[in-house]
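In: Got a sequence here, can you build the structure:
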Amino acid sequence: MDFSHSDKVRLLQEQVSAFMDAHIYPAEARFDEEMEQNRRSGNPWQTLAVMEELKRKARAQNLWNLFLPHSEHGAGLSNLEYAPLCEIMGRSHLAPEAFNCSAPDTGNMEVLARYATPEQQARWLVPLLEGRIRSAFAMTEPDVASSDATNIQSSIVRDGNHYVINGRKWWTSGAGDPRCEILIFMGKTDPQGRLHSQQSMILVPMNTPGVRRLRQLQVFGYDHAPHGHAQIDFVDVRVPVENLLLGEGRGFEIAQGRLGPGRIHHCMRLIGLAERALEMLCKRAQQRVAFGKRISEQGVTLERIAESRIQIDQARWLVLNAAYMMDTVGNRAAKKEIAMIKVAAPTMALQVIDWAIQVHGGGGVSDDFPLAAAYAAARTLRFADGPDEVHREQIGKLELARHSAHRP
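Out: Got it, this is the predicted structure:
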């Protein structure tokens, strides 16, 4: 396995890093200031000028849609090639959207690029690729354990030339954004069918009658405006039959495709987030004195710095290995490696961020530093990419299969 980067990737690394230094990091304070002004005005759910400015600059430098492997839409990068770029983006919460590489739009664009009709692509994929609109993915439901998608209860019923949709969704990330114009909705078209053929996915414009945003959910006290996470009711929502994706009963098939390259984007970004936390830890430790010497000279701090480096590099190589396998043998054959990084990456990031918070003292749990928000985001990803319990169970079963009774 050769994980060395090509000249193309090294050039992109330099370009993305330079853009981060010149534009992204300086914009973080501006983002916070603009958000505070919007909050004082009573409407945090509005487009931010600073973000639109960053997007224009990134697109002008052709640092745009890097996540898409298809050259006709994106940069034509493999998973292994995109991984180091996504890691750099993970260092700031502004970066993914600035490069048009943020969830859930990335996954939704992958769905539309793979499964949508030419008409659906023209209507929704093109403006998403251009960053003119945003999207959301409506799957998780409050009344069932949605980590098992067969539990989903929302209904999609054919009625002539329309489908009628009913159900309640929550954690529909991005639905609070005023630019969010399209939802990909997962529900059941055949509740009596085979277990994995009951579900379908359908395109639902946000302005369709019967789509009701009930509330914006908070994550450890953060509302993540203007992106946010909405709870939405769908009451007798009617959409044309041509809005269905791929066909009735194909929802699980689409879900697996959607979880292709996007399955490891969060893990890649968490590496970058942990790297930034470790940098902050080291700088803070060298600036503060406790009990007669710098915190960086305390044995426990040195141990935590060393352990952070070990854990970050371990997670990075696991991520690169998973990306390599996805590129070479496919997502199905790489399912164990994908599951492993879904557990390892957020667990590692949480530990490194926690140690960084500890070195920052009281400031670490405040919003004077980005660590508290980073911790909340990393902890949330232990759900967003599927709960650890599901991944660990899959890993355990696959490992048992390797040591089955057929072996001596």
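In: All the helices of the stretch 101-250 of the chain, in order from the start?
Out: In the stretch 101-250 of the chain, the helices defined using DSSP state H, counting those that start in this stretch lie at 105-115, 118-120, 126-129.
In: For residue 269, I want the exact helix or strand it lies within.
Out: helix 265-287 (DSSP states H and E).
In: in that helix, what's buried?
Out: By 16 or more other CB atoms under 10 Å, the buried positions in helix 265-287 come out as 265-278, 280-282, 284-285. Backbone N, C-alpha and C define where each C-beta goes, glycine included.
In: Could you tell me the least trusted of the helices of the stretch 101-250 of the chain?
Out: Note on those: helix 105-115 shows the lowest mean pLDDT, a mean of 93.
In: that older thread, what's the closest of the helices of the stretch 101-250 of the chain to residue 395?
Out: Between residue 395 and these, the tightest spacing by CB to CB is seen for helix 105-115, at 22.8 Å.
In: Now for the chain, the helix or strand with the poorest mean pLDDT.
Out: helix 251-258 (a mean of 83; mean pLDDT, DSSP states H and E).
In: same for that one, what does it pack against?
Out: helix 105-115, strand 180-188, strand 199-205 (3 or more CB pairs under 8 Å, 6 or more residues apart in numbering; DSSP states H and E).
In: out of these, nearest to residue 86?
Out: Of the helices and strands packed on helix 251-258, nearest to residue 86 by CB to CB is helix 105-115, at 9.7 Å.
In: Just want the angle from that closest one to helix 251-258.
Out: 120 degrees (axes from the mean of the first three to the mean of the last three CA atoms, to 10 degrees).
In: just checking, residue 226 touches residue 44?
Out: Yes - Residue 226 is within contact range of residue 44, at 6.2 Å (criterion: CB atoms under 8 Å).
In: Mind listing the shared neighbours of those two?
Out: 35, 38 (CB atoms under 8 Å, 6 or more residues apart in numbering).
In: Adding mean neighbour count and distance to residue 83, write the helices and strands packed on helix 251-258 out as CSV.
Out: Converted to CSV, those look like this (neighbours: other CB atoms under 10 Å; distance: least, CB to CB, whole Å):
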stretch, mean neighbour count, distance to residue 83
helix 105-115, 23, 14
strand 180-188, 25, 25
strand 199-205, 24, 27
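In: Other residues contacting stretch 54-73?
Out: By CB under 8 Å, 6+ apart, stretch 54-73 touches 12, 15-16, 19, 23-24, 27, 74-79, 82, 85-86, 94, 97-101, 106, 109-110, 113, 125, 129, 131, 261-262, 265.
In: how about the CA coordinates for that stretch, as CSV?
Out: Coordinates of each C-alpha in stretch 54-73 appear next as CSV, following Å, rounded to 0.1, in the frame of the first residue of the first chain:
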residue,chain,number,x,y,z
LEU,A,54,-15.6,32.8,1.2
LYS,A,55,-17.5,30.7,-1.3
ARG,A,56,-16.9,33.2,-4.1
LYS,A,57,-13.2,33.3,-3.4
ALA,A,58,-12.9,29.5,-3.2
ARG,A,59,-14.7,29.0,-6.4
ALA,A,60,-12.7,31.6,-8.1
GLN,A,61,-9.6,29.6,-7.2
ASN,A,62,-11.1,26.4,-8.4
LEU,A,63,-11.1,24.9,-4.9
TRP,A,64,-14.7,23.8,-5.3
ASN,A,65,-16.6,20.4,-5.1
LEU,A,66,-13.4,18.6,-4.3
PHE,A,67,-15.3,15.8,-2.7
LEU,A,68,-16.9,14.5,-5.9
PRO,A,69,-14.9,11.7,-7.6
HIS,A,70,-16.7,12.3,-10.9
SER,A,71,-14.6,14.6,-13.0
GLU,A,72,-17.6,16.0,-14.9
HIS,A,73,-18.9,17.4,-11.6
